[in-house]
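Q: Below is the sequence, then the predicted model.
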Amino acid sequence: MLAGSRASTATLIAFLLVMPVSFGIHDLSTDGSLAHLGNNLVDGLSNGAIWALVALGYTLVYGIIELINFAHGDVFMIGSFVALAVFGTLGLGLATAVPLLIGGLLLTLAISAVASGTLNTMIERAGYRPLRDAPRLAPLITAVGFSFILQNVGLLWLGGSQQSVPDLISSQHELFNLGGVSVTNGDALAVLATAPLVLTLVFFITRTRLGKAMRATAQDPDAARLMGINVDTTISLTFLIGGLLAGAAGLIYALYQTTIWFNQGFTAGLIAFTAAVMGGIGNLRGAVLGGLLIGCIQQISDNRIGAEWTPAIVFAYLVLIMVVRPRGLLGEETREAG
Amino acid sequence: MTAVRSKLPQVDDRLLAVAAIAAGIALPFLFGTGSPFIHDAILALSYMMMALGLNIIVGFAGLLDLGYVAFFAIGAYTMGWLGSNFFSGTNGGDGFHLLVGSPAAEMPGIHVNFIVVLVVAVIFTTIAGILIGLPTLRLRGDYIAIVTLAFGEIIGRIAINGDQIKIGPIWDATLGKLPLMPELGAEATLTRGKQGITPVDKIDLPLLDPFTSLDLRAWYLVALGLVLIVLFVNIRLRDSRLGRAWVALREDEVAAASMGIPLVKTKLLAYGTGAAFGGISGALLGSYLNTVSADQFQFSFSIFILAMVILGGLGSIWGVVIGAILLSFVNTWLIPDVLNGVPGQLGLDFDLTQLSYAIFGFLLVIVMVLRPEGLIPERRRKLELHGLGTGDTAGAGTDVEIEALVEADRPPAAPGPGEEGR
């Protein structure tokens, strides 16, 4: 097993390095520097940071009730929509002074996170809890049902076309330039906002009593119940945390991309779910790693191969990784795995 | 509930089947030849074939497949490739014709008889099913779901971008050189992307006039005939040695393997068979809808078919039939035609078509919460969930239920020595 896994790790790293190395050599031979590739990777990491936040919600929920929560991407979309609405209510615009802007954005972050968190918890209460003892695939269909409902809400809310969000942080403005690799405000925001959220989450899961209850429930709900853990509350809490992260991701996405629309949740959900699986479902570090990897693969593919092929390339990578590592890059942490 | 049903006489089944088939054949003659109802019914029958195919993969063998649309796509493209002007450069513009009458016989492109197309579609989709199944063999549970989803998306992407893929030169240099194979010409591409391959040849069966888009009854009857074949195969498979192997695999892979069930072969057969039905339906829909466009092959379609299977009752053939009819008509008739008039009658100025997604989603949620095991659950599963007096049946009729459980485990068709020996 160990020898085999070492060989498979080598294969895996070789797979993952094919694109960056080949394009890196190409850059060196044509431009004489790696700046182009560096820019791809910076964009990829910042984009990937957003996917990581959404992927964490998938992986938390899957880890605890083994459900692919198809509605999660749409909860993220609602987070973006709430953020835009709050911008309007607070009167945040391009003319707002910087201290006010920072305060306003923090308030927006709180509101959209709480909105998405509450929504996610309510969906769990209405659609998944009654099906706790049902066949395993039944909640999958209610999840799809809620996904449709939320998409329809988004469609009625802002219409069927892309809506532009005020570019409050001057997303494309270059913050600093490191040897030809440009880092924009958007990149900085995505990484600087995501990192503390992820660290807080990890701290919560690994160091607090509630986090311990979540891990116990994920391992064995029946035993957890015998130990005096309120399993239903713990599951609700998991959905709340997943929703909070999705709402935060919704705001960051809106600021980063400066356009939002009702279908963004579907695409993001698919990508984030792929990221969660790629990293090893149920595994927090895996979800972050998966998100960042997919962000990079997407950017390189968008920029070098053609955006129309990007989804196919991302999924091809997923299949290759699954063949080499059937439990994801970092291994899964779910009931069955233990 | 269970007790009452199992006390009912069982002899009615065949009579019921004959009556249902007769009603199915008579149905289109109650409507005009071009009635929208028949159109909806043809779609429902086509979706039913796919749902029955997916039911083999997900329901019988327990392999969650989220990329079933791939097989629809391959079936439909087989029809598009082999029955249209799409490869207009074929044999230097003369075209390639096999067992087709006019007008197809005079046109450029490849034109092959529908029955041959069906056979080719079955071959293509079976191979695709096995190829997609191969990487999932080592995976468990929902990892299978994401890998099949990935393949569905990859094939969808290839369909969209297929107009950039020039297959002509490669084909002509290799397979096109073989005897009986047509040359495609240098300009041939793989698909026509979102524009779609259109028009597609209508079904042309021996002894009958070619089908037209005006008389929908003929299409309906062909669809019904194909559904009956698919149903027959499904029932026979379910009750066969292979069907029991699938169920054993679904219930416990390790136990099944230690009982001597060859895992690889059994899983791949599930993928292959399930895929083949998708191919049949895809070829039919390609011809009926008269276009094969990349827009048809999206992830949401896989979910639509999966919802039919789960809503109807995972693993239950009749449940899936009901689920397919129900969801298909909700989609093509109830939401656009019936509910749309409601706000107007109530005196409200409101367009309900804007809410069609939400209504569809709401129905899925309600039905699943009220009947988690599906509308008509598989007998075995129902007994597992509610049987043997574990509280909710409060002991009433327990002996009947045990009898029923034994019954469910016993293969309905008495296995003779010949079958065991296979």
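A: That came in fine, so what should we check first? Numbering: from 1, shown residues only, chains lettered A, B, ... in the order given.

Q: From now on I want contacts and neighbour counts done on CA atoms only, so please keep to that.
A: Will do.

Q: which SSE is residue 42 in?
A: Because you didn't say which chain, this covers chain A. Take DSSP states H and E as the rule and residue A:42 turns out to sit in helix A:35-65.

Q: not what I meant, chain B
A: helix B:36-54.

Q: quick one, the helix or strand that that helix is followed by and helix B:36-54 angle?
A: Following helix B:36-54 in sequence order, the next helix or strand is helix B:69-82 (DSSP H and E). Counting by axes from the mean of the first three to the mean of the last three CA atoms, to 10 degrees, helix B:69-82 lies at 120 degrees to helix B:36-54.

Q: now helix B:69-82: how far from the chain's centre is it?
A: Centroid displacement of helix B:69-82 relative to its chain, using CA atoms, centre = their mean, to the nearest Å, is 13 Å.

Q: which helices and strands does that helix pack with?
A: strand B:110-112, helix B:114-133, helix B:142-161, helix B:263-289, helix B:299-312 (3 or more CA pairs under 8 Å, 6 or more residues apart in numbering or on different chains; DSSP states H and E).

Q: just to revisit the earlier point, counting contacts, what elements does the helix holding residue B:42 pack onto?
A: In terms of contacts (3+ CA pairs under 8 Å, 6+ apart), helix B:36-54 is packed against helix B:216-238, helix B:263-289, helix B:299-312, helix B:317-329.

Q: And the ones you listed: which comes nearest chain A?
A: Nearest to chain A, of all those, is helix B:299-312, at 6.3 Å by CA to the nearest CA.

Q: quick one on the thing from earlier: does chain B sit close to whatever helix or strand comes next after the helix holding residue A:42?
A: As assigned by DSSP H and E, the chain's next helix or strand after helix A:35-65 is helix A:72-90. No - using CA under 8 Å from any CA of the partner chain, helix A:72-90 stays clear of chain B, with a minimum separation of 12.9 Å.

Q: Compute the inter-axis angle for the helix or strand that comes right after helix A:72-90 and helix A:72-90.
A: Once helix A:72-90 ends, the next helix or strand along the chain (criterion: DSSP H and E) is helix A:98-123. Inter-element angle recorded for helix A:98-123 and helix A:72-90: 140 degrees (by the same axes, to 10 degrees).

Q: so what's the residue in chain A that chain B sits nearest to up against?
A: Taking CA to the nearest CA, chain B has its nearest neighbour within chain A at residue A:145, 3.6 Å off. Contacts for residue A:145 (CA atoms under 8 Å, 6 or more residues apart in numbering or on different chains) come out as B:358, B:360, B:361, B:362, B:363, B:364, B:365.

Q: give me that answer again for 10 Å
A: Residues counted as contacts of residue A:145 (CA atoms under 10 Å, 6 or more residues apart in numbering or on different chains) are A:70-71, A:127, A:139, A:151, B:307, B:357-366, B:368.

Q: residues contacting residue A:143?
A: Contacts of residue A:143 (CA under 10 Å, 6+ apart): A:67-72, A:123-124, A:127-128, A:149, B:361, B:364-365.

Q: Could you find which two of those are furthest from each other?
A: A:67 and A:149 (18.4 Å; CA to CA).

Q: ok, the two, which is more surrounded?
A: A direct count of neighbours by other CA atoms under 10 Å in any protein chain shown for residue A:67 and residue A:149 places residue A:149 higher, at 23 against 20.

Q: Residue numbers of the stretch 201-350 of chain B in contact with chain A?
A: B:299, B:300, B:303, B:304, B:306, B:307, B:308, B:310, B:311, B:313, B:314 (CA under 10 Å from any CA of the partner chain).

Q: Which among those count as buried?
A: B:299, B:303, B:304, B:306, B:307, B:308, B:310, B:311, B:313, B:314 (16 or more other CA atoms under 10 Å in any protein chain shown).

Q: ok, for the fifth one, nearest residue in space, not its chain neighbours?
A: The shortest distance from residue B:307 to any non-neighbouring residue, by CA to CA, 6 or more residues apart in numbering or on different chains, is to residue A:141 (6.3 Å).

Q: so is that neighbour in a helix, a strand, or just coil?
A: Classification of residue A:141 by DSSP: H, G, I helix; E, B strand; the rest coil places it in helix.

Q: list the contacts for residue A:154?
A: A:74, A:77, A:78, A:81, A:148, A:160, A:261, A:262, A:263, A:264, A:265.

Q: Okay, and it sits in which element?
A: Element membership for residue A:154, per DSSP H and E: helix A:138-158.

Q: Ok, residue B:138 next?
A: Going by DSSP H and E, residue B:138 is not part of any helix or strand.

Q: Skip the chain neighbours and tell me the closest residue to it.
A: residue A:326 (6.5 Å).

Q: where's that neighbour, which helix or strand?
A: Going by DSSP H and E, residue A:326 is not part of any helix or strand.

Q: Now do stretch B:81-91, average pLDDT.
A: When pLDDT is averaged over stretch B:81-91, the result is 88.

Q: Any stretches of the stretch 1-150 of chain A with poor pLDDT?
A: The stretch 1-150 of chain A contains residues with pLDDT under 70 at A:1-5.

Q: which bits of it sit near chain B?
A: So far as CA under 10 Å from any CA goes, the stretch 1-150 of chain A lies against chain B at A:62, A:66-68, A:126-150.

Q: Let's see that with 8 Å instead.
A: A:127, A:130-131, A:134-135, A:137-139, A:141-150.

Q: Can you name the residue of the stretch 151-300 of chain B nearest to chain A?
A: For the stretch 151-300 of chain B, CA to the nearest CA, closest residue to chain A: residue B:154, 4.6 Å.

Q: ok, and the closest non-adjacent residue to that residue?
A: With CA to CA, 6+ apart, the residue lying closest to residue B:154 is residue A:312, at 4.6 Å.

Q: Rounded mean pLDDT for the helix or strand where that neighbour lies, please.
A: Using DSSP H and E, residue A:312 falls within helix A:310-324. Helix A:310-324 shows a mean pLDDT of 91.
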